[in-house]
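Enquirer: fold the following.
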Amino acid sequence: MKHTYNLQGMTCGNCKASVEKSLSEINNVTDVIVNLEKGEAEIMMSSHIDTNVFQKALPEKYILTEKNVFASAEALSYEIEKEKSKLQQLKPLLLIIFYIVSTSILLHYKNWSWVSFMLDFMGLFYIVFSFFKMLDLKGFPESFRMYDPLAKKVPVYGKVYPFIETVLGLMFLMRFEVSIALIVTLIVLGITTVGVTKTLLDKKSIKCACLGTALKLPMTEATFIENAIMIVMAVLMLLNIF
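Expert: Numbers count the residues shown, from 1 in each chain. Here you go, the predicted structure:
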């Protein structure tokens, strides 16, 4: 017999391999197929196995529930707790953006210029965010391809993306070929935003790779907003230039 289950908590290929290994070791399980992007586990078994048996075999961070049925009390409790802790999880992201905004304002508060403010904000944004991605250049591409359409089709794009952000950051801060940097910003962030929007609409529970893998951030509307701010700034700057 074959059953399909919803599986929450997976963020990368290592998670997928770990889940498959744990479930395969259960008696009477004949095969396990895990779909990382859909958050599903298809389990073939020679005789019926209770869902609780599968859950106990998995590490605590994974929540397995039967598909198309009401979640267990434990799973529902997990969802409620996850919502409560979402703001806490986003705290590093919110603090980083606060410091970037504050620094950009302080650099120009004596001789205020919206153009200079936006250029420095965009430059610092790229430099800081690329720094966190650089901390785990091996793990970042795997997390990034979970939602970025181009990284899914062209794996090397995920590998070079942190370096693209670094170069763009330097271009904005040094005021070097700003128009080119703005156009590239619209392209790369536009592609990512499409993926983020689709992930949010599909209500998938995955980790955001905007700060690499060092900080475990959930994919939320905050990710969409931060990208949207950069895109709007890039559009405004291009209109100002041309």
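Enquirer: CA only for contacts and neighbour counts going forward, please
Expert: Noted.
Enquirer: show me the domain layout of the chain.
Expert: 2-71, 85-241 (automatic domain parsing).
Enquirer: contacts only, for the most centrally placed residue in the chain.
Expert: Closest to where the C-alpha atoms of the chain average out (C-alpha atoms, centre = their mean) is residue 208, at 1.7 Å. Residue 208 is in contact with 143, 144, 216, 217, 218, 219, 220, 223, counting by C-alpha atoms under 8 Å, 6 or more residues apart in numbering.
Enquirer: ok, and the closest non-adjacent residue to it?
Expert: residue 219 (4.6 Å; C-alpha to C-alpha, 6 or more residues apart in numbering).
Enquirer: which stretches of this protein form helices?
Expert: In the chain, the helices defined using DSSP state H lie at 13-24, 51-57, 73-106, 114-134, 140-144, 149-153, 155-174, 178-201, 221-241.
Enquirer: between those, which one is nearest to residue 40?
Expert: helix 13-24 (10.1 Å; C-alpha to C-alpha).
Enquirer: which helices and strands sit right next to the closest one?
Expert: strand 29-35, helix 51-57 (3 or more C-alpha pairs under 8 Å, 6 or more residues apart in numbering; DSSP states H and E).
Enquirer: out of the ones you listed, nearest to residue 138?
Expert: strand 29-35 (21.3 Å).
Enquirer: show me the shaky parts of the protein.
Expert: Within the chain, the ranges that satisfy pLDDT under 70 run 68-86.
Enquirer: give me the distance between the residue of the chain most remote from its centre and residue 215.
Expert: Residue farthest from the centre of the chain, counting by C-alpha atoms, centre = their mean, is residue 47 at 37.9 Å. Separation of residue 47 from residue 215 (C-alpha to C-alpha, to the nearest Å) stands at 41 Å.
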